[in-house]
Structure formats: C-alpha cells, structure tokens
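In: Next one to model:
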Amino acid sequence: MPIMLIVDGEILTENVAMHLWISRAFPDAGLLPSEPWEQAQAVSILAWCASGIHPFLSRINLPVKVCDMDETSDSVVRLASETLNECFAIANDLLSRQRIPYSAGCIGVAVKAHELALEYAGVRETFGAALSSRQAIQWMLVDNEIDIQQARWATLEAASHVDRGEPFRKQAAMAKLIASEGASRVVDRCIQIHGGYGVTKDFPFERWYREMRIRRIGEGPSEVQRHIIARDILGQSLR
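Out: This is a model prediction of the structure:
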C-alpha cells in the first residue's frame with residue numbers, strides 16, 4: 001500500500017510507492033523499530049522514496065539471492081524532526097561502514113573467477129597450444145590481476161582508516177567503486193576466456209555476472225560514490 005511519512009505533524013511525502021520491500025520491515029503500522037540503526041534504515045528508505053528514488057519493488061526479481069527482505073504493510077509513519085536527523089546521521093555512518101565488507105565480497109567473487117580462468121587457460125588447447133600461450137588471453141589475465149589488486153588495496157586502506165578511528169567516508173566510497181566495477185570486469189573477462197561454457201549454468205560465471213551487475217548499484221551506485229569522492233577532494237558541499 002502507499003507509504004505516508006509525517007514529520008512534526010507535517011506530511012513529508014505520501015503515495016510514493018506500492019509494496020516496498022525493505023530489510024527489517026516495520027513490525028507494526030505507524031511505529032518505528034526500537035533499535036536506532038533499524039530506525040535509520042527505515043527512515044532512509046522513506047527518504048529515498050520522497051526523493052523519487054524508489055527501492056526495489058515487489059515485482060522485481062532480485063538477482064542476488066542472499067538478501068533478507070520483508071514486505072512492509074505500513075501506511076503511516078510518524079516521527080519528530082530531531083529523530084529524523086538522528087536517523088539520517090546513523091544511516092550515513094552505517095552505509096559508509098557497510099561499503100567496506102561489501103567491497104570485500106566483490107573481491108572474493110573476482111578472485112575465484114580469476115582462479116578458474118587461470119586453470120582453464122592452462123588446460124584448454126586451441127590449434128595445438130594452450131590458451132595461456134595466446135597473448136590476448138595473457139592480457140585478460142593480467143588485467144584481472146590488476147583489477148583485483150587495486151580493489152584489495154583500496155579496501156584494506158578503507159578498513160585501516162576505520163581501525164585507526166580516522167575519517168573513512170571517501171576511502172570507503174573509493175573501495176566500493178573500485179571493487180564493484182573491477183569485479184564486473186574480471187567476471188566478464190573470465191566468461192570471454194571460457195567461451196560458450198562461460199554462459200552456461202555448468203559454471204558459476206553467468207550468476208556472478210548478474211550479481212556483480214547489481215553490486216554496482218547496491219550500497220550506493222557508482223555515480224553516488226564518485227559524488228562522495230568529488231565532494232571530499234574539492235572540499236565543498238555538492239548537491
């Protein structure tokens with residue numbers, strides 16, 4: 001049903017989406033979850049609706065099969081403006097932190113795909129020679145290695161900033177951007193190396209290809225990450 005968000009008695013947004021699917025949907029109509037970080041998730045979902053950027057709708061079949069989603073049946077959510085501001089602050093910090101393990105997940109897929117491609121290139125022969133002897137294949141494997149190492153270093157750098165208690169918003173955005181886009185390229189090259197086998201369900205590449213595509217959107221799309229990085233290096237507030 002349509003969602004209505006009321007802040008300090010004023011309707012902020014209404015009729016913005018039907019059958020929203022969100023992580024940890026509200027347990028009772030009109031009530032926010034009790035935990036602050038869950039409130040942040042809930043309010044951030046409603047804010048995205050207010051800005052016209054709708055979360056996944058129930059008719060969309062998610063390509064990533066590890067999401068824990070519930071359908072919300074709330075029609076009205078009321079809260080004070082102070083709570084809204086606090087929730088946004090928690091949501092921003094939580095989202096930045098989540099980008100680091102999210103990046104690591106992308107790297108894990110890229111590493112395994114690269115390992116399978118290395119093994120296949122060594123045993124698959126064409127015209128009397130292994131694929132690994134072909135310069136075109138060698139360059140694909142080299143590019144894979146570069147993308148994986150760049151993503152690993154960026155992710156470790158972001159994690160080290162968090163461990164030291166230093167600002168990490170830019171580093172987390174860079175890690176997410178590099179890892180998600182790099183892993184997509186790695187999986188794409190691995191499919192190319194495997195040829196027709198790469199798109200069959202006998203190998204995991206076709207599923208990884210779909211999952212890496214959505215990972216360029218989850219936790220903030222690549223465009224948002226570039227916006228965050230630009231705002232940081234330019235030292236100004238960009239809208």
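In: For the rest of this, base every contact and every neighbour count on C-alpha atoms.
Out: OK.
In: which one's the longest helix in the chain?
Out: In terms of residue count, the longest helix belonging to the chain (DSSP state H) is helix 81-123.
In: elements contacting that helix?
Out: Helix 81-123 is packed against helix 36-50, strand 129-130, helix 135-163, helix 169-194, helix 205-215, with contacts defined by 3 or more CA pairs under 8 Å, 6 or more residues apart in numbering; DSSP states H and E.
In: cutoff 6 Å now
Out: Judged by 3 or more CA pairs under 6 Å, 6 or more residues apart in numbering; DSSP states H and E, helix 81-123 is in contact with helix 36-50, helix 169-194.
In: For the longest one, give the mean pLDDT please.
Out: Spelled out, that is helix 169-194. For helix 169-194, mean pLDDT is 97.
In: okay, and for the chain, where does confidence drop off?
Out: By pLDDT under 70, the low-scoring segments of the chain are 1-89, 91, 237-239.
In: Can you pull out the residues in contact with stretch 110-125?
Out: By CA atoms under 6 Å, 6 or more residues apart in numbering, the list of residues contacting stretch 110-125 from outside reads 130-132, 183, 186, 190.
In: Just flag the most distant two among these.
Out: Using CA to CA, the two most remote members of these are 130 and 183, lying 25.1 Å apart.
In: ok, those two, which is more surrounded?
Out: Set side by side, residue 130 and residue 183 show more neighbours around residue 183, with 31 against 14, by other CA atoms under 10 Å.
In: What sits closest to that one if chain neighbours are left out?
Out: Leaving aside its chain neighbours, residue 183 sits nearest to residue 110 (5.0 Å; criterion: CA to CA, 6 or more residues apart in numbering).
In: how many other residues sit next to that neighbour?
Out: Counted with other CA under 10 Å, residues neighbouring residue 110 total 28.
In: and what of residue 233?
Out: If you count neighbours by other CA under 10 Å, residue 233 ends up with 9.
In: Next up, identify which helix or strand it is on.
Out: Element membership of residue 233, judged by DSSP states H and E, is helix 222-234.
In: For that helix, name the packing helices and strands.
Out: Contact partners of helix 222-234 among helices and strands, from 3+ CA pairs under 6 Å, 6+ apart: helix 169-194.
In: helices and strands around the helix it packs on, which ones?
Out: Under the contact definition 3+ CA pairs under 6 Å, 6+ apart, helix 169-194 sits against helix 81-123, helix 135-163, helix 222-234.
In: List the buried residues for the shortest one?
Out: I take that to be helix 222-234. For helix 222-234, a neighbour-count test (16 or more other CA atoms under 10 Å) marks 222, 225, 228-229 as buried.
In: same thing with stretch 195-212?
Out: 198-199, 204-209, 211-212.
In: Can you add distance to residue 164 and give these back as a markdown table?
Out: Below are those laid out as a markdown table (distance: CA to CA, whole Å):
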| residue | distance to residue 164 |
| --- | --- |
| 198 | 42 |
| 199 | 43 |
| 204 | 37 |
| 205 | 37 |
| 206 | 39 |
| 207 | 37 |
| 208 | 33 |
| 209 | 35 |
| 211 | 32 |
| 212 | 30 |
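In: Of the residues you listed, which is the nearest to residue 150?
Out: Nearest to residue 150, judged by CA to CA, of the buried residues of stretch 195-212 is residue 212 at 16.7 Å.
In: Please tell me I have it right and that closest one contacts residue 186.
Out: No - if you go by CA atoms under 6 Å, residue 212 and residue 186 don't touch, sitting 9.8 Å apart.
In: Got phi/psi on residue 221?
Out: When quoted as degrees, to the nearest 10, the phi and psi of residue 221 stand at phi -70, psi 170.
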